[in-house]
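**Student:** A structural model of the following input is requested.
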Amino acid sequence: MWRDGVTTGERERIKAMEREIKELRRANEILKTVSAFFAQAALDCELKK
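**Tutor:** Numbering: from 1, shown residues only. Down below sits the predicted model:
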């Protein structure tokens, strides 16, 4: 799948970047979930006042 001319170093760097992107996307999903949880909790607190 790699193009001719891509060095081993470049290939390793691409793989490392792909792993980092995957980790960042996973972290982003976690942050979205946590943010929604706390937003709902804050809304619930406001409604109980």
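
**Student:** what's the model's confidence in stretch 34-45, averaged?
**Tutor:** In this model, stretch 34-45 has an average pLDDT of 92.

**Student:** Can you give me the pLDDT of the most centrally placed residue in the chain?
**Tutor:** Nearest to the mean C-alpha position of the chain, by Cα atoms, centre = their mean, lies R25 at 1.8 Å. Looking at R25, its pLDDT reads 98.

**Student:** Check which helix or strand it maps to.
**Tutor:** Using DSSP states H and E, R25 falls within helix 8-48.

**Student:** Also D4?
**Tutor:** Going by DSSP H and E, D4 is not in any helix or strand.

**Student:** burial measure for it, as a count.
**Tutor:** Applying other Cβ atoms under 10 Å, we find 4 other residues in the vicinity of D4. (Each C-beta comes from the backbone N, C-alpha and C, glycine too.)

**Student:** again with T33
**Tutor:** The burial count for T33: 10, using other Cβ under 10 Å.

**Student:** One more: E12?
**Tutor:** E12: 10 neighbours (other Cβ under 10 Å).

**Student:** How about R26?
**Tutor:** 10.

**Student:** cool, the one 5 residues further on as well?
**Tutor:** Applying the criterion other Cβ under 10 Å, we find 10 residues in the vicinity of L31.

**Student:** distance of it from L43?
**Tutor:** Distance, L31 to L43, using Cβ to Cβ, to the nearest Å: 18 Å.

**Student:** Next: L24.
**Tutor:** Distance, L24 to L43, using Cβ to Cβ: 28 Å.

**Student:** Near C45, how many other residues are there?
**Tutor:** Residues lying near C45 (other Cβ under 10 Å) number 9.

**Student:** ok, now the one 4 residues further on?
**Tutor:** With neighbours defined by other Cβ under 10 Å, the count for K49 comes to 4.

**Student:** E29 now?
**Tutor:** If we define neighbours as other Cβ under 10 Å, then E29 has 10 of them.

**Student:** gap between it and R13?
**Tutor:** E29 sits at a distance of 25 Å from R13 (criterion: Cβ to Cβ).

**Student:** One more: V6?
**Tutor:** Between V6 and R13 the computed distance is 10 Å (Cβ to Cβ).
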